[in-house]
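Participant: Could you work out the structure for the sequence below:
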Amino acid sequence: MVLHYFGATLCFVSGCIYCIIQTALTFRVPITGKECLLVPLRGLLTSLQVVVSISYLIFFVHPDLTKQHIGVICEWILATNFYVFIMSFTFEFYYITSSVLLVLISRPDDEKIAILSEQRGTDMSTFDK
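Facilitator: Below you'll find the predicted structure:
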């Protein structure tokens with residue numbers, strides 16, 4: 001059981017840190033033009049992840065069986081919330097096609113940096129060259 005608790009804690013805490021970093025990047029680096037929807041959604045999901053992670057850390061080691069059940073419920077909420085957070089990447093991955101990957105593979109490294117750093121909003125005409 002100790003191994004499960006250690007692995008779950010490691011997974012949920014690192015997932016929480018990932019959500020925080022990704023939400024900050026979504027706020028700072030507009031890619032899709034849909035950030036007015038993504039930033040509040042990811043902010044809400046990240047806030048839930050942080051609060052439930054703290055609750056999980058408090059309840060999972062408690063000797064009382066009722067509080068351990070609350071810890072298990074927190075585990076399920078964390079896992080489900082993280083999957084919903086990952087599904088929010090649909091907006092970014094929608095524009096990646098095989099032609100985009102082919103252009104990125106065939107270009108020299110200095111051109112890749114220029115292609116990926118351009119502000120493009122919802123337009124992906126950069127890759128049609």
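
Participant: alpha carbons only for contacts and neighbour counts from here, please
Facilitator: Will do.

Participant: contacting residues around stretch 73-81?
Facilitator: Residues outside stretch 73-81 that contact it (Cα atoms under 8 Å, 6 or more residues apart in numbering) are 12, 45, 48, 49, 52, 53, 55, 56.

Participant: I'd like those residues as CSV, with pLDDT appended.
Facilitator: Listed next are the contacts of stretch 73-81 as CSV, based on pLDDT from 0 to 100:
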residue, pLDDT
12, 90
45, 96
48, 96
49, 95
52, 95
53, 93
55, 93
56, 91
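
Participant: between the residues you listed, which has the most around it?
Facilitator: Within these, residue 49 tops the neighbour count with 27 neighbours, counted by other Cα atoms under 10 Å.

Participant: That one contacts residue 16, doesn't it?
Facilitator: Yes: at 6.0 Å, residue 49 and residue 16 qualify as touching, with contact defined as Cα atoms under 8 Å.

Participant: buried stuff in the biggest helix by length in the chain?
Facilitator: Determined from DSSP state H, the single longest helix within the chain is helix 2-28. Under the neighbour-count criterion of 16 or more other Cα atoms under 10 Å, helix 2-28 has 8, 9, 12, 13, 15, 16, 19, 20, 22, 23, 26, 27 buried.
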